[in-house]
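> Predicted model and sequence below, questions to follow.
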Amino acid sequence: MVRSSERVEREHDVSEVKDLNKGKTFSERRILRPGERFVATGLFLLLIAGRPADSSIQAFHRAFGPKSSLLVSSPTLQWEVWPSDGAHVTSADMFLNGKPVNAIYNTKLRRVEYRPERPFMAGTYRVQCRVMVDDRLEVKKDWSFQVSTEAISSLPEPEESQYIALAETNAFRQTLGLDTVHQETRLNAASLAHVKYLALNRRTGHYEKPGEPGFVGATPSDRLEAFGYSGGSWECVTYNSGGIKESVRDLFHAPYHRIPFLQPGDVPVGTGMTGKHFSIKFGESGDSGLSISPAAGQSGVPTSWDGNETPNPLRMHSGFGSEVGYPIVFSFFGDYPVVKLNRASVTCKGVDVPIFENASENDDHLENSIILIPKKPLKPNTTYSVSVEAMVNRKKKIQQNWSFTTGSK
């Protein structure tokens, strides 16, 4: 899994640019062969003080687009931009090739959006966006994109296999008390195109090479943009000797790859499978909150895990066998939260269960999540209690106590 980040800008009389959030490499999931997760994110901070009255106003912005050559001629144009607490977006305007379009500001998803009434003709388009905060702070963004001569006007309806993958994903979310996810045709198209490329070229993983059969885009974000999708996303890719359900299950049981499954809210999802190659892409819901897995009161939880994930979350630990206990994942979602572990425990009938602890302090693949891995397989049909105390962004303390019960194996 890979995480990409962009620059953070700060403007106050003079321009200043600092790289405050360097990109990190996230894990790959290996099931016989590699599979990965990709999160395309970039957080920008823009603070403008044009006059003393504006000095307290801040606006943040990140993903925008599309900004590449498109294979679909009906993309959604968007720019994620939002004010600091207490301030409000009072107007938002978008211009396409110099002409105003009927864009809206989506308060929940905190972005300017424009959905064209009819497909675009092939060619190059320039987008200009302007947002006003409290009628005082003006924030602007300009970019361009191209519509390919081979672009199609609409994407196909989901295939049966994509409905199966969606149902399996929602089955896991239901056990956690989370909202169901929904099919997103652009994510479906990007997922399916990539696994077709992998099968054609006998490859695995995230990346594609120009000139090879089925090439769509070199990176996950390139492929998403080719189908008109912009914004944060996660990609899991796996090569599995089983079917669709087995592919989803194996990704969910791997703790790093479980994290995007745990997002709260109405999450857009797209999947694709060709041969033994499977891909699932998650968008972002824009919702904040805590998710835990296994959930409070959950029963039938697996007793063990085979450690089959790369990089292995056990890589910094020692003293474990071929199997460990089923991983426990504690994730907090929101505006790029950093979660620090204060203390954690797993007990069974009042007796401590030895665990490995992974958090941002000792695991460079974690920021918003904590992973607890029992050192040995858990007992079947047994109730375990978990306690976690953590800090979010060094200011919000979270104390969570819950229990779950294992199944027969």
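Yep, that arrived.

> Who are the contact partners of the residue lying closest to residue 300 once chain neighbours are set aside?
In this structure, residue 300 finds its nearest non-sequential neighbour in residue 407, 4.0 Å apart by C-beta to C-beta, 6 or more residues apart in numbering. C-beta: built from backbone N, CA, C; applies to glycine. By C-beta atoms under 8 Å, 6 or more residues apart in numbering, the residues touching residue 407 are 299-303, 380-381.

> wait, which of those residues is closest to residue 263?
residue 301 (20.4 Å; C-beta to C-beta).

> Show me where the stretch 151-300 of the chain has its strands.
182-183, 234-239, 268-274, 277-282, 289-293 (DSSP state E, counting those that start in this stretch).

> okay, now the domains of the protein?
1-286, 289-405 (automatic domain parsing).

> Dump the ones you listed to TSV, plus mean pLDDT and mean neighbour count.
Conversion of the domains of the chain to TSV gives the following (pLDDT from 0 to 100; neighbours: other C-beta atoms under 10 Å):
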stretch	mean pLDDT	mean neighbour count
domain 1-286	83	19
domain 289-405	95	17
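
> Tell me the one among the contacts of residue 407 nearest to residue 56.
Looking across the contacts of residue 407 and measuring by C-beta to C-beta, the closest to residue 56 is residue 301, at 48.4 Å.

> For that closest one, name its beta-bridge partners.
Note on residue 301: beta-bridge partners residue 406, judged by DSSP bridges.

> how far away is it from residue 386?
11 Å (C-beta to C-beta, to the nearest Å).

> Kindly report the same for residue 371.
12 Å.

> joint contacts of these two?
Common neighbours of residue 371 and residue 386 are listed as residue 328 (criterion: C-beta under 8 Å, 6+ apart).

> Tell me which residues touch the residue nearest to residue 391 when sequence neighbours are not counted, please.
In this structure, residue 391 finds its nearest non-sequential neighbour in residue 340, 4.6 Å apart by C-beta to C-beta, 6+ apart. The contact partners of residue 340, by C-beta under 8 Å, 6+ apart, come to 359-361, 390-392, 394.

> redo that, cut-off 10 Å
Counting by C-beta atoms under 10 Å, 6 or more residues apart in numbering, residue 340 touches 359-361, 370, 389-394.

> partners of residue 77 in the sheet?
Residue 77 has the following beta-bridge partners by DSSP bridges: residue 114.

> That one touches residue 102, doesn't it?
No: if you go by C-beta atoms under 10 Å, residue 77 and residue 102 don't touch, sitting 11.2 Å apart.

> overlap in contacts of those two?
Common neighbours of residue 77 and residue 102 (C-beta under 10 Å, 6+ apart) are 94, 114-116.

> can you list those in a markdown table and add distance to residue 182?
Below are those laid out as a markdown table (distance: C-beta to C-beta, whole Å):
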| residue | distance to residue 182 |
| --- | --- |
| 94 | 25 |
| 114 | 21 |
| 115 | 17 |
| 116 | 22 |
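
> Which member of those residues is positioned nearest residue 294?
Proximity of those to residue 294 (C-beta to C-beta) peaks at residue 115, which lies at 39.2 Å.

> On the three-state scheme, the residue nearest to residue 391 is what?
Following DSSP: H, G, I helix; E, B strand; the rest coil, we place residue 340 in the strand state.

> For it, give its distance to residue 378.
For residue 340, the distance to residue 378 - C-beta to C-beta - is 26 Å.

> Over to residue 290?
As judged by C-beta to C-beta, residue 290 and residue 378 stand 23 Å apart.

> what do you get for residue 289?
27 Å.

> same check, this time on residue 267
Noted for residue 267: a distance of 29 Å to residue 378, by C-beta to C-beta.

> Kindly report the same for residue 315.
22 Å.

> Check residue 125 too.
Distance from residue 125 to residue 378, by C-beta to C-beta: 56 Å.

> Repeat that for residue 167.
Taking C-beta to C-beta, one finds residue 167 at 27 Å from residue 378.

> and what of residue 283?
In this view, residue 283 and residue 378 are 33 Å apart by C-beta to C-beta.

> before we move on, what about residue 185?
In terms of C-beta to C-beta, residue 185 sits 40 Å off from residue 378.

> quick one: which of the contacts of residue 407 is nearest residue 234?
Closest approach between the contacts of residue 407 and residue 234, by C-beta to C-beta: residue 302, at 22.5 Å.

> Surely residue 296 and residue 388 touch.
No: assessed by C-beta under 10 Å, residue 296 is found out of contact with residue 388, at 11.9 Å.

> So for these two, which residues contact both of them?
400-402.

> which one among those gets closest to residue 245?
The shortest approach to residue 245 among those belongs to residue 402, at 27.1 Å (C-beta to C-beta).

> My read is that the closest one contacts residue 385, right?
Yes: Residue 402 lies in contact with residue 385 (C-beta under 10 Å); the separation is 7.4 Å.

> Distance check, the closest residue to residue 287 other than its chain neighbours against residue 308.
Distance criterion C-beta to C-beta, 6+ apart; nearest residue to residue 287, sequence neighbours excluded, is residue 265 at 3.1 Å. According to C-beta to C-beta, residue 265 stands 29 Å off from residue 308.

> cool, residue 169 as well?
According to C-beta to C-beta, residue 169 stands 20 Å off from residue 308.

> and residue 388, which of the three is it?
Assigned state for residue 388: strand (three-state reduction, three-state DSSP).

> contacting residues for it?
Listed by C-beta under 10 Å, 6+ apart, the contact set of residue 388 reads 290, 292, 328, 330, 339, 341-346, 357, 359, 370, 372, 398-402.

> can we see that at 8 Å?
330, 341, 343-344, 370, 372, 398-401.
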